[in-house]
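Peer 1: Got a predicted structure here, sequence first:
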Amino acid sequence: MAPWGYEKDNGPAHWHKDCPIANGKNQSPIDLINGEVKYDSGLKPLTAKYVPFSDAKFLNNGHSVQFQPSAGNGSELTGGPLAVKYNFEQFHFHWGNNDTEGSEHRVDGKMYPAELHFVHWNSTNPSFKDAVGSGGPNGLAVLGFFLKVGAENAALKPITDLIPKVKDAGTSVTVPSNFDMQAILPATLTDYYTYDGSLTTPPLAECVKWIVFKQPLEVSAAQMEAFRSVINRDGKPMGGNYRPPCPLHDRAVKTSFK
Ligand SMILES: CCOC(=O)CCc1ccc(S(N)(=O)=O)cc1
Ligand SMILES: [Zn+2]
């Protein structure tokens, strides 16, 4: 099979050939149906502490654009549904070629124009790769933020301004060390959906505690256009790099809000 992607000949419908878990019972993304979720008063507040990175890259890996620090720097996620501390690994995006599509998770069938994933790994593992392979839904914790078109996002501007420099697959740039990742997050990490799921791209491992925030972040139309100028490894616009929703099977989606 050609390397996986989102085109007709290598997209989500083909992934099961290399990754049979694609047809598993704990796959992501899902459609978050408000009538079927359950409020869980036991969910604690989430705390994300992101400290400045001295040497981080912003890169085009052929299927997304990704912010990746060189090694752990003490940025961590705790609380919410998480029993232990998780280390920050990377963040990346999924988006569409127009404003009616692009997010991976949906809310009552509604798609947002984009979705931002902050990926963290369970610190009881020696490395990110071990956490992916650790088995069970506590290997990774991914924060999902929907993006909608509105005001310019000043916190994401240092990143969206770098997009023209990583237009082509396999390119990367160094991110200025004064980039403040913490500023991207809302002041309080409240009102989220959480459920046990998987990576939404190969290897599709069922190792993720998903935490998807109800409140979208805003980005400007110009920032959305920047994403849509990115080219994938086949030389085509990368937009459309989202997996359609997967069956919930017998999983429960909990909410931190009533
Ligand atoms: C060990 C190799 O595994 C990887 O590199 C997984 C990378 C990877 C991280 C996060 C996601 S997402 N969209 O579900 O947030 C998908 C794939
Ligand atoms: Zn993702």
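Peer 2: Right, received. Where do you want to start? Remember, it's a predicted structure, so these values are computed and weren't measured experimentally. Ligands and ions are numbered 1, 2, ... in the order given.
Peer 1: Residue 252: how many residues sit nearby?
Peer 2: Residue 252: 12 surrounding residues under other CB atoms under 10 Å. Where C-beta positions appear, they are placed from N, C-alpha and C, glycine not excepted.
Peer 1: Am I right that it is in contact with residue 33?
Peer 2: No: Residue 252 is beyond contact range of residue 33, at 11.9 Å (criterion: CB atoms under 8 Å).
Peer 1: Could you show which parts of the stretch 101-250 of the chain are in contact with ligand 1?
Peer 2: Listed as neighbours of ligand 1 in the stretch 101-250 of the chain under the rule CB under 6 Å from any ligand atom: 117, 119, 129, 132, 142, 199, 200, 201, 203.
Peer 1: secondary structure class for the last one?
Peer 2: The reference is to residue 203. Secondary structure, DSSP: H, G, I helix; E, B strand; the rest coil: residue 203 is coil.
Peer 1: Find the residue closest to it in space, skipping its chain neighbours.
Peer 2: Nearest residue to residue 203 in three dimensions, chain neighbours excluded: residue 19, at 5.5 Å (CB to CB, 6 or more residues apart in numbering).
Peer 1: what does residue 153 give?
Peer 2: Distances taken as CB to CB, 6+ apart place residue 219 nearest to residue 153, at 4.6 Å, with adjacent residues excluded.
Peer 1: show me the contacts for the one you found.
Peer 2: If a contact means CB atoms under 8 Å, 6 or more residues apart in numbering, then residue 219 has 114, 147, 148, 149, 150, 152, 153, 156, 160 as its contacts.
Peer 1: burial of the fifth one, as a residue count?
Peer 2: By other CB under 10 Å, the residues close to residue 150 number 12.
Peer 1: same check, this time on the third one
Peer 2: Other residues near residue 148 come to 15 when the count uses other CB under 10 Å.
Peer 1: now do residue 187
Peer 2: Using other CB under 10 Å, residue 187 is surrounded by 5 other residues.
Peer 1: circling back to that earlier point, please report the distance of the residue nearest to residue 203 from ligand 1.
Peer 2: For residue 19, the distance to ligand 1 equals 11 Å [CB to the nearest ligand atom, to the nearest Å].
Peer 1: From what I see, that residue and residue 200 are in contact.
Peer 2: No: if you go by CB under 8 Å, residue 19 and residue 200 don't touch, sitting 11.6 Å apart.
Peer 1: Between those two, which has more neighbouring residues?
Peer 2: residue 200 (25 against 18).
Peer 1: wait, what's in contact with the more buried one?
Peer 2: Shown in contact with residue 200 (CB under 8 Å, 6+ apart): 28, 29, 94, 104, 242, 243.
Peer 1: Give me the subset of those residues that lies in helices.
Peer 2: Among the contacts of residue 200, none falls in helices (DSSP state H).
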